[in-house]
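Enquirer: 3D, please:
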Amino acid sequence: MDNLRELLEPIADWFSSLGIPEPVVHWGHPLMMAIVVFVMGSFVGVAGWRGRVLAEGNQEAAIASRADHRKLAPLMYFFLAAGYTGGVLSLVMQHEPIFSSPHFLTGSIVLVLLTINAIIAATGFIGNKAVSRTIHAYVGSVALGLLLLHAVLGLKLGLSI
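Expert: Below is the predicted model of the structure:
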């Protein structure tokens, strides 16, 4: 664990040398991630479920929703992974422990769940099987729900620092 901190210290020192105001270092990660989670996350989740639900009724709308989901989900994943890295660097810059908070744990679990979902999608839903699509939908929903808990834990962490 100390090895990671030692590896990240020079990067954190470089960012610190830029003269970034303390409120930005402290609250920048939460603000940016709130936008990703609440705006992109809700859109991606709704589009994904709309594509499933409408598939039985309005095929054209279902196709459009799936296309929206397919376009934005990878971007959301990228922003979450980048935000994860930024959050860790923010803790290093503030001389706080990295791995000890429930916020870190929930963020790590979310990235694992979304990586599983990305693999399922990248394989073509393992031969386009309905069960794979269902697993993908529920794993994604669990990840989005966990992100809400993650946000609450992050706010608690931010207020305690």
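Enquirer: who are the packing partners of the helix or strand harbouring R133?
Expert: Per DSSP states H and E, R133 falls inside helix 130-160. If you count contacts as 3 or more CB pairs under 8 Å, 6 or more residues apart in numbering; DSSP states H and E, helix 130-160 packs onto helix 22-35, helix 42-53, helix 102-122, helix 124-128. No exception for glycine: its C-beta is placed from N, CA and C like everyone else's.
Enquirer: only the buried residues of the second one, if you could.
Expert: Put plainly, it is helix 42-53. 44-45, 47-48, 50-52 (16 or more other CB atoms under 10 Å).
Enquirer: for the third one, same thing?
Expert: Buried positions in helix 102-122, judged by neighbour count with 16+ other CB under 10 Å: 103-104, 106-107, 109-111, 113-114, 117, 120-121.
Enquirer: swap in the shortest one?
Expert: If you call a residue buried by 16+ other CB under 10 Å, then helix 124-128 has these buried ones: F125.
Enquirer: how far out from the middle of the chain is that helix?
Expert: 23 Å (CA atoms, centre = their mean, to the nearest Å).
Enquirer: mind showing which ranges of this protein have poor pLDDT?
Expert: The model of the chain has pLDDT under 70 over residues 1-2, 55.
Enquirer: scan it for its longest helix.
Expert: For the chain, the helix that runs over the most residues, judged by DSSP state H, is helix 59-93.
Enquirer: what helices and strands are in contact with it?
Expert: Packing partners of helix 59-93 (3+ CB pairs under 8 Å, 6+ apart): helix 2-17, helix 22-35, helix 42-53, helix 102-122.
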